[in-house]
Structures are given as structure tokens and as C-alpha cells.
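1. Would you be able to build a 3D model of this:
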Amino acid sequence: MKMKVSWIKYEKDNKSFRLPQALGLDVFPLSDLEKTDETMRNLIKQDYDTIILSNEVAGFSEDIIKKYKNNKNIKIVISLSKH
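-> Okay, the predicted model is just below:
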């Protein structure tokens, strides 16, 4: 089974996920942090099974992180900030 991984960060965040972005991996910069849950829902519909969020973005998820907390098929990971 192949893992399909995505990263979500705030578009003004120039520090998070630079390596995956430089490697051409699926990094999705958000211009509106209020769209965090909507973006995660769309990624899950596109068969992404691992979603890595910057700490800043994770604070804007109202229900998706809780909904998939115990789901064995979808992994949502909150990246620690490097401050």
C-alpha cells in the first residue's frame, strides 16, 4: 500500500516544510487559515492518507483533527514549530 502524504502550511510561513516543497512534494500553502478543515476534507477525498499540518494551521482546525484522531486509515500529524 502506497502512502499519499501532504503538508499544509500558512502561505506567509517561510520556515515550515521547506524541504518537502523544494523536493516538489505536495505542500499546500493556505492564504485563509479559516479554510483549514475544508482543505483537509478535500485532501482526504483525493486519497491523501497522511496530512501534516504546521502548528499554526492546526490551531484553525475545528473538527477534522478530532474526527480522524482514532482513524487507522487517515493520519493527521501536527508538526512542532521550530521557534
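2. going forward, measure contacts and count neighbours with C-alpha atoms only.
-> Noted.
3. Provide the contact partners of the strand ranked longest in the chain at residue level.
-> Ranked by residue count, the top strand of the chain under DSSP state E comes out as strand 5-10. When contacts are defined by C-alpha atoms under 8 Å, 6 or more residues apart in numbering, strand 5-10 is touched by residues 16-17, 25-33, 43, 48-54, 56-57.
4. now the helix or strand that it is followed by, how far from the centre of its chain.
-> Using DSSP states H and E, the helix or strand that follows strand 5-10 towards the C-terminus is helix 18-22. Distance of helix 18-22 from the chain centroid (C-alpha atoms, centre = their mean, to the nearest Å) equals 14 Å.
5. Any buried residues in the longest helix along the chain, and which?
-> Assignment by DSSP state H gives helix 36-45 as the longest helix of the chain. The neighbour-count check on helix 36-45 (16 or more other C-alpha atoms under 10 Å) flags 36-37, 39-40, 43-44 as buried.
6. okay, these in TSV with distance to K75 and pLDDT next?
-> Shown next, in TSV, are the buried residues of helix 36-45 (distance: C-alpha to C-alpha, whole Å; pLDDT from 0 to 100):
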residue	distance to K75	pLDDT
T36	16	97
D37	14	97
T39	15	97
M40	11	97
L43	12	98
I44	10	97
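7. The longest strand of the chain: partners in the sheet, and parallel or antiparallel?
-> Take DSSP bridges as the rule and strand 5-10 pairs in its sheet with strand 27-30 (parallel), strand 50-53 (parallel).
8. most neighbours per residue, which of these?
-> Sort the strands paired with strand 5-10 by mean neighbour count, taking mean count of other C-alpha atoms under 10 Å, and strand 50-53 sits at the top with a mean of 21.
9. per-residue confidence averaged over that one?
-> Regarding strand 50-53, the rounded mean pLDDT is 97.
10. who's in contact with it?
-> For strand 50-53, using C-alpha under 8 Å, 6+ apart, the contacting residues are 3-9, 40, 74-79.
11. now do stretch 69-83
-> So stretch 69-83 is contacted by 16, 44, 48-55, 58, 65, 68 (C-alpha under 8 Å, 6+ apart).
12. residue ranges with poor pLDDT in the protein?
-> Filtered on pLDDT under 70, the chain yields the residue ranges 1, 81-83.
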